[in-house]
Structures are given as structure tokens and as C-alpha cells.
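Chemist: Okay, structure incoming, though there's no sequence with it:
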């Protein structure tokens with residue numbers, strides 16, 4: 001746990017309180033930065049096609065879990081169009097998950113799990129996923145919880161062709177993590193996250209920075225991860 005960040009339960013409650021104040025819309029999911037939505041989705045699709053191409057004779061990409069999925073922005077605009085035939089959403093807000101049914105508007109949206117990342121019981125679902133997509137929510141985990149979450153996410157992958165994908169804000173250089181007291185998040189450097197992946201028993205098979213975002217925003221890096 002980073003010094004001064006409090007317990008996992010305290011963090012969860014602070015983060016939940018922050019998100020309870022956000023609108024159940026694309027702009028709300030992006031913290032008022034709805035204008036990056038199209039660029040974000042295009043970058044994610046290009047990344048996914050690169051790290052998880054459809055193999056010869058493969059008709060679809062299987063099942064995905066959208067972590068921190070909110071109302072289903074990533075589910076609706078990325079995961080379902082990319083060929084996942086079923087998607088589950090994990091989010092801390094029951095209001096967002098209720099909104100997701102109408103927003104996604106597809107029977108391919110299956111389970112909606114209301115839980116924090118640290119508290120989510122992957123094994124207890126009895127499910128395995130071909131892709132666990134984690135976007136803009138690992139910033140809400142202290143270091144030890146980050147390691148534990150990604151270790152458990154990797155154990156929930158369906159087979160050797162499955163991936164955990166993290167798309168997250170990052171700091172340039174090997175700088176100390178930067179806390180944000182407004183939403184109780186912490187932004188880490190690329191090198192810091194790679195050390196945490198190693199502790200979680202994960203290997204980075206590909207990583208790249210999102211292009212086309214405004215220069216005043218944090219860099220955003222996508223990582224394709226597999227168990228070592």
C-alpha cells in the first residue's frame with residue numbers, strides 16, 4: 001500500500017463517492033473529457049487487432065470482461081464491434097450498471113458485477129474470459145492491490161491465447177506516483193507499472209502509447225499481458 005493512501009475499504013468508499021457524482025453518460029465516464037471518446041476507441045481497436053488477431057477459421061473473439069466498465073462505453077463501442085460474442089461488465093456503481101442495459105442495448109451483454117476491483121471474486125463467478133479489459137480504473141488500486149488484482153485476472157483467462165489488457169494513464173520517466181485527492185486515484189510511471197506486472201507474474205507482450213490525445217493530458221499506454 002502506498003504511504004498515506006488508507007485501507008482498501010476506505011479507498012473504495014472514497015472512489016465510489018466520487019463516481020456517484022458523475023453523470024451516467026460517455027462524458028461522465030470520461031471525467032468530462034468526452035471529446036477523446038472516438039480517438040480512444042479507434043486506438044483501442046487498432047491495439048486489439050494487433051495483439052489479438054482472429055486466427056484462421058476463428059469466427060469470433062469469445063468472451064470479455066470490461067473492468068471499470070461503467071455504463072458500457074467500451075463494451076458497446078469496442079468489445080462487441082470487435083467480435084466478442086458475450087461481454088460482462090464489472091463496476092463499483094450499481095447505477096451505472098443499471099444504465100448499461102439500455103445503453104449497450106444488446107443481449108450479448110451478460111453479467112453485470114457490482115464490485116470494486118480489489119473485492120471482485122473472479123473464481124467465484126465460475127467464468128473464464130478470453131480478454132479481461134481494464135481501462136482507466138487501475139489508478140484506483142494501491143500497489144499491493146494492483147498486483148493482487150492482475151494476478152487474479154490472469155488466472156481467470158480462458159486459454160493460452162487469452163489476454164489481460166490494461167489501458168491506463170502513465171507518467172513519463174521513472175517518477176514517483178502522483179496521487180489525485182479529488183478521486184483518490186494514483187498515476188504511475190510506465191516503469192513502475194512494469195515492476196508491478198512482474199510482481200503479479202505477468203509478461204508484457206506488447207505496449208504502445210495512445211496517439212491523438214491533447215498534449216495537456218497524461219500519456220495513455222495500452223499493455224497486452226499474459227502469465228509468465
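Modeler: It's in. As the structure is a computational prediction, the values presented were derived from the model and not from experiment.

Chemist: Which parts of the chain are helices?
Modeler: For the chain, helices defined by DSSP state H occupy the ranges 8-20, 26-29, 37-51, 73-74, 94-104, 143-155, 190-199.

Chemist: Lowest average pLDDT across those helices?
Modeler: For these, mean pLDDT drops lowest on helix 8-20, to a mean of 76.

Chemist: Nearest to residue 61 among the helices of the chain would be which one?
Modeler: If you check each of the helices of the chain against residue 61 by C-beta to C-beta, helix 37-51 wins as the nearest, at 8.3 Å. Heads up, the C-betas are built off the backbone N, CA and C, glycines and all.

Chemist: And that closest one, what's buried?
Modeler: Buried residues in helix 37-51, defined by neighbour count with 16 or more other C-beta atoms under 10 Å: 40-41, 43-44, 47-48, 51.

Chemist: elements contacting that helix?
Modeler: With contacts defined as 3 or more C-beta pairs under 8 Å, 6 or more residues apart in numbering; DSSP states H and E, helix 37-51 has these neighbours: helix 73-74, strand 163-169, strand 202-209, strand 220-227.

Chemist: between that helix and strand 202-209, how many degrees?
Modeler: If you take axes from the mean of the first three to the mean of the last three C-alpha atoms, to 10 degrees, helix 37-51 sits at 130 degrees to strand 202-209.

Chemist: Could you tell me how far helix 37-51 lies from the centre of the chain?
Modeler: Centroid separation between helix 37-51 and its chain, computed with C-alpha atoms, centre = their mean, to the nearest Å, is 14 Å.

Chemist: Identify all contacting residues around it.
Modeler: Here helix 37-51 makes contact (C-beta atoms under 8 Å, 6 or more residues apart in numbering) with 26, 30, 73-74, 77-78, 81-82, 131, 135, 163, 165, 167, 205-206, 208, 210-213, 220, 222, 224.

Chemist: buried subset of the residues you listed?
Modeler: 26, 30, 73-74, 77-78, 82, 131, 135, 163, 165, 167, 210, 213, 220, 222, 224.

Chemist: Quick check: which of the helices of the chain has the most neighbours on average?
Modeler: helix 73-74 (a mean of 24; mean count of other C-beta atoms under 10 Å).

Chemist: What is it packed up against?
Modeler: Helix 73-74 packs on helix 37-51, going by 3+ C-beta pairs under 8 Å, 6+ apart.

Chemist: what's near enough to touch residue 104?
Modeler: By C-beta under 8 Å, 6+ apart, the neighbours of residue 104 are 71-72, 75-76, 80, 87.

Chemist: who does the residue positioned nearest the centre of the chain bridge with?
Modeler: For the chain, residue 134 is the residue whose C-alpha lies nearest the centre (C-alpha atoms, centre = their mean; 1.5 Å). Note on residue 134: beta-bridge partners by DSSP bridges are residue 67, residue 166.

Chemist: what's near enough to touch the residue in the chain sticking out farthest from the centre?
Modeler: Farthest-out residue of the chain from its mean C-alpha position, per C-alpha atoms, centre = their mean: residue 57, at 28.6 Å. By C-beta under 8 Å, 6+ apart, no residues touch residue 57.

Chemist: Torsion angles phi and psi at it?
Modeler: phi 80, psi -10 (degrees, to the nearest 10).

Chemist: how near is it to residue 112?
Modeler: Residue 57 sits 32 Å away from residue 112 when distances are taken as C-beta to C-beta, to the nearest Å.
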